[in-house]
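Q: All I have is the shape, not the residue letters:
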DNA sequence: CGTGCGCTTGACAGCTGTCAACACTTGTGG
DNA sequence: CCACAAGTGTTGACAGCTGTCAAGCGCACG
């Protein structure tokens, strides 16, 4: 969900090609609405942003969180989600224009492609997290995403509330709360108030989430389900 | 999931710009593997294709079905999913090349953007189907997708097996089977063997799926949850 | 006609949603 | 500084739904 973080190199390239406007939003404020004409895309400078959809019955569903360096709102035609500020945020804002127009400069088009591809892989990873897995497994996978975002620090900040996490993982706030307690009881994390946790057993957390600490299987002795080899595809070709 | 169907106009454009090779696969055959270098993308000419991912624990998760006119495999770098033939299929196959290279012709790049955007909105719609909804609701939403694909015909063909549907909706085959029975018992569909159903109550099915027959609310008297207005976004801007 | 696979259905256990109560934090006003 | 209210988060009880296990049916294929 934060795989959309851009590498510094990409940021510089984007800065060199595109003109940006800096905007600020307060926590809870709407940045753009679902269905609105997609005329701009955004990059988070500071703070946390969430994108969400609303269902006919009133249910809300978050499709991702975006942190410093992440890009959101790169839709075509109309925004497929709404975007809201989770904390006070600063964003840079770029004109989309119509990227299919002949006049669109080539570098901008390349960036659009790269952004879309990254967003796509994010969405697929996210689909996967939600597929037929328990609340504790989903939360573990989510926390690992946040941890990856934070770097080597075992302390992970949680700028969003439990309700936001619940709507992202398609659970209720209650179940999320219970899952936090369960991970804590198992000794995988320590809950530090509402806005931070410490990962005390990274390997255990990865194991629960169904991920490897390094991202791929590097120990040939590791026991894998026979079908799991397909999980990694043809490594020699990658 | 079949939102990736291309309009006839787009197909002609693609034919005019890109060279294609026609390939055939037998039912169950692998078209490409997850993690394999993404060197080609495909368009279905005839038959049905599924894309899937495998989890460490051996679980399979389908990310979409693709029918005549649909595009799949438009990934960058490595394929994020495997692709397999559900039925005997005929596909057209195009070189991806490196779409970020300067040498890539402009029309191909435009097509890549259009395809990615369509795939993105498909993935988001699909995420939404799976979010905190019952088995019957998911199946209803899925069947409506297939029906939209089929056109006005109330009879909907199901080229895929129950297990495929289950892995798409993140359910078990048993629950899918029960959901079919439930929809039938409620009088929304009639099950005709294993490979076809008839939608007998389209409005009821849409209602259950949380969708409107026409795609948007056109009856102001319809009772909506207060938050649901956001579901449609800013209509005046669309 | 027989076999095998896909599918359906039932029984039961486990997990998650719902309802409810309560603790804690935050913000407002006195 | 305190009192109070509102919002957020935690926990328990319970019901409902789905996964698991198991049995059996029916279609397809040889």
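A: Here it is on my side, so go on. What you are looking at is a predicted structure, and each value in this text was computed from that prediction instead of being measured.

Q: Domain ranges for chain A, per the record?
A: Domain ranges of chain A: A:8-130, A:135-237, per automatic domain parsing.

Q: quick one: is the longest one near DNA strand C?
A: Translated: domain A:8-130. No - shown here: domain A:8-130 not in contact with DNA strand C (C-beta under 7 Å from any atom of the strand), separated by at least 8.8 Å. Just so you know, the C-beta spots here come from the backbone N, C-alpha and C atoms, and that holds for glycine as well.

Q: Determine if any part of that domain is in contact with DNA strand D.
A: No - Domain A:8-130 is not in contact with DNA strand D by C-beta under 7 Å from any atom of the strand; minimum separation 8.2 Å.

Q: cool, and stretch A:197-215?
A: No - Stretch A:197-215 stays clear of DNA strand D (C-beta under 7 Å from any atom of the strand), getting no nearer than 9.5 Å.

Q: how about the helices in chain A?
A: For chain A, applying DSSP state H gives helices covering A:8-17, A:106-130, A:135-150, A:162-169, A:173-185, A:202-209, A:229-232.

Q: Same list, the ones you listed, but as CSV with distance to chain B please.
A: Output for the helices of chain A, formatted as CSV (distance: least, C-beta to the nearest C-beta, whole Å):
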stretch, distance to chain B
helix A:8-17, 11
helix A:106-130, 4
helix A:135-150, 10
helix A:162-169, 8
helix A:173-185, 10
helix A:202-209, 9
helix A:229-232, 4
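
Q: Just list the residues touching the residue in chain A that DNA strand C sits nearest to, thanks.
A: In chain A, the residue found nearest to DNA strand C is residue A:175; the distance is 3.0 Å by C-beta to the nearest atom of the strand. For residue A:175, the contacting residues are A:135, A:166, by C-beta atoms under 8 Å, 6 or more residues apart in numbering or on different chains.

Q: My read is that residue A:208 contacts residue A:135, right?
A: No - Residue A:208 is beyond contact range of residue A:135, at 11.2 Å (criterion: C-beta atoms under 8 Å).

Q: now the end-to-end length of stretch A:127-142.
A: Its start and end residues considered, stretch A:127-142 measures 12 Å (C-alpha to C-alpha, to the nearest Å).

Q: Oh, that last question was meant for stretch A:145-165, not what I typed.
A: This stretch, stretch A:145-165, spans 12 Å end to end (C-alpha to C-alpha).

Q: quick check, that stretch touching DNA strand C?
A: No - judged by C-beta under 7 Å from any atom of the strand, stretch A:145-165 makes no contact with DNA strand C; its nearest approach is 11.4 Å.

Q: residues of that stretch that come out buried?
A: Neighbour-count burial for stretch A:145-165 flags A:145, A:146, A:147, A:149, A:156, A:158, A:159, A:160, A:162, A:164, A:165 (criterion: 16 or more other C-beta atoms under 10 Å in any protein chain shown).
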